[in-house]
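**Q** structure of the sequence below:
(one chain, ligands or ions: 2)
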Amino acid sequence: MSLVVAAQSIREKLTAEDAVHVSIALFGQPGSGKSSLINRLTGQKLAAEGVRNDVTTERQDYEWNGLTLVDLPGYDTSKFPADEYLSRFGVMKFDLLLCVFDGKFHEADSALFHEVSRRGKICLFVRNKHDTLWQDGMELGELEQEVVDNVHQQVGGSAEVFFTSCRSNTGLDELEQAIKRRLEPAKQERWVRAAKAYTRAFLFEKKNLCEQRVTWTAAISAAGGTIPIPGANFAVDLPILLSLFRFVRDTYGLTDRVLATKEYAVPALAPMVNGVIRFCSTEGILMLLKQCGSLVAAEQFAKYVPVVGTVIAASLGFAVTWKVGSYYLDDCHKLAAAVLDARLQVPQEK
Ligand SMILES: Nc1nc2c(ncn2[C@@H]2O[C@H](COP(=O)(O)OP(=O)(O)OP(=O)(O)O)[C@@H](O)[C@H]2O)c(=O)[nH]1
Ligand SMILES: [Mg+2]
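**A** Numbering: from 1, shown residues only. Ligands and ions are numbered 1, 2, ... in the order given. Modelled structure (predicted):
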């Protein structure tokens, strides 16, 4: 297979990966925390929290990085018969459903659960506001068991109940892992890209995906590199490098808006924050290419390029793209890990 043909098939593989989409619907009583959960699961401020939407009769879609989270209007059979509700809001097309509740578990939620599970849809139960679960004289474990028993009484013993708090960010990793397990493999990758990491382990799952992407991109860039870099002996595919940087940045959820929040406004993080923003542009990549690229070129290949031509030039394109991509990935990972550790209060490595 020629380099160009190989690059084309890798390109198609990446395009197919990028086309994979995950859609999850949330339903439950007004004020149970659906909007808050949408924001916590993505790490992005997508939905307005604390705004009472009791009367919404339309579904509300929120998009982030190939993931659609949908806030469904309350289920009320006096407004729509079950079949009409399900078809009007496209309920059977979702990959899975989350039934969000706080306090008491409501009959309307149980009724909707029965309709969807009868038709084979997976639904997980999320008891949000775990931080409010308190009763004088009772242990937390007993209270949790009461909630689980109550759900089981209403919807059956196989229902899985997760406890989350959008206030203290607890239980979110368990819920995210459970969601992941219910998705088919291609969708699992999309989920790992889009969901916010609440543990180091999840952050490393993101890193793995990014490392694979760096390698694939380097291969494409090597074969298709047509843009000579001024002052260097090699050519790389700049647009594809830019899309790699965007992939990495989005996978870590490091949008401009997130980077402007107070968690990132720590002096020690400023150089990394600046790098993540600055290098994710054509000018930034050129700057990085000159820094890293000249190192690779000087180290290994430069002197051979005029002699042996394209194969070495291609290896050079691969090495440079890989190095630059890995450098950017490393920065994004370190930044995300530092902020996560601060939240988890893990002591920083010196
Ligand atoms: N203590 C506590 N409060 C929470 C938690 N999650 C959400 N809230 C608060 O509960 C209120 C309602 O949260 P929302 O996320 O707006 O709830 P919702 O289900 O989207 O509400 P509607 O849009 O009206 O259906 C807000 O004031 C949130 O700040 C939680 O885990 N713990
Ligand atoms: Mg809401």
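
**Q** end to end, how far does stretch 129-141 reach?
**A** End-to-end distance for stretch 129-141, by CA to CA, to the nearest Å: 15 Å.

**Q** residues contacting that stretch, please?
**A** Stretch 129-141 has contacts (CB atoms under 8 Å, 6 or more residues apart in numbering) with 32-33, 102-103, 127, 143-144, 147, 163-168, 170-171. (Each C-beta comes from the backbone N, C-alpha and C, glycine too.)

**Q** how about stretch 169-182?
**A** With contact meaning CB under 8 Å, 6+ apart, stretch 169-182 is reached by 24, 40-41, 95-96, 98, 122, 124, 126, 130-131, 160, 162-165, 188, 191-192, 195-196, 198-199, 202, 343.

**Q** quick one: buried ones out of those?
**A** 24, 40-41, 95-96, 98, 122, 124, 126, 130, 162-165, 188, 191-192, 195-196, 198, 202 (16 or more other CB atoms under 10 Å).

**Q** quick revisit: of the contacts of stretch 169-182, which ones also sit close to ligand 1?
**A** The subset of the contacts of stretch 169-182 within reach of ligand 1, by CB under 6 Å from any ligand atom, is D131, S165.

**Q** go through the contacts of stretch 169-182 and flag which are in strands.
**A** Per DSSP state E, strands hold the following members of the contacts of stretch 169-182: I24, L96, L98, L124, V126, F162, F163.

**Q** pick the one among these closest to G325.
**A** Nearest to G325 among those, counting by CB to CB, is I24 at 30.2 Å.

**Q** still on that earlier bit, most surrounded residue in the contacts of stretch 129-141?
**A** T164 (28 neighbours; other CB atoms under 10 Å).

**Q** for the stretch 101-250 of the chain, give me the ranges with low pLDDT.
**A** 224-235 (pLDDT under 70).

**Q** show me where it has strands.
**A** 123-127, 161-163, 227-228, 235-236 (DSSP state E, counting those that start in this stretch).

**Q** partners of the first one in the sheet?
**A** Note on strand 123-127: by DSSP bridges, its sheet partners are strand 96-101 (parallel), strand 161-163 (parallel).

**Q** dump the ones you listed to a markdown table, plus distance to A218.
**A** Compiled in a markdown table, the strands paired with strand 123-127 are given as follows (distance: least, CB to CB, whole Å):
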| stretch | distance to A218 |
| --- | --- |
| strand 96-101 | 35 |
| strand 161-163 | 39 |
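
**Q** dump these into CSV; add distance to ligand 2 as well.
**A** Formatted as CSV, the strands paired with strand 123-127 follow (distance: least, CB to the ion, whole Å):
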stretch, distance to ligand 2
strand 96-101, 10
strand 161-163, 19
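
**Q** closest one to L286 among those?
**A** strand 96-101 (43.2 Å).

**Q** quick one: contacts of that closest one?
**A** Contacts for strand 96-101 (CB under 8 Å, 6+ apart): 24-29, 32-34, 37, 91, 109, 112-113, 116, 121-128, 179, 182-183.

**Q** can you turn the buried subset of those into a selection I can paste into PyMOL?
**A** Selecting only the buried entries of the contacts of strand 96-101 in PyMOL, with 16+ other CB under 10 Å as the criterion:
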select buried, resi 24+25+26+27+28+29+32+33+34+37+91+109+112+113+116+121+122+123+124+125+126+127+128+179+182+183
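
**Q** so who does A47 touch?
**A** K34, S35, S36, I38, N39, Q60, Y62, D71 are the contacts of A47 under CB under 8 Å, 6+ apart.

**Q** for those, work out which two are farthest apart.
**A** Going by CB to CB, the pair spanning these furthest: S36 and Q60, at 13.8 Å.

**Q** compare those two (neighbour count), which wins?
**A** Ranked by neighbour count (other CB under 10 Å), S36 and Q60 place S36 first, with 21 against 18.

**Q** that one and K45, how far apart?
**A** 11 Å (CB to CB, to the nearest Å).

**Q** kindly report the residues of the stretch 101-250 of the chain close to ligand 1.
**A** So far as CB under 6 Å from any ligand atom goes, the stretch 101-250 of the chain lies against ligand 1 at N128, K129, D131, T132, S165, C166, R167.
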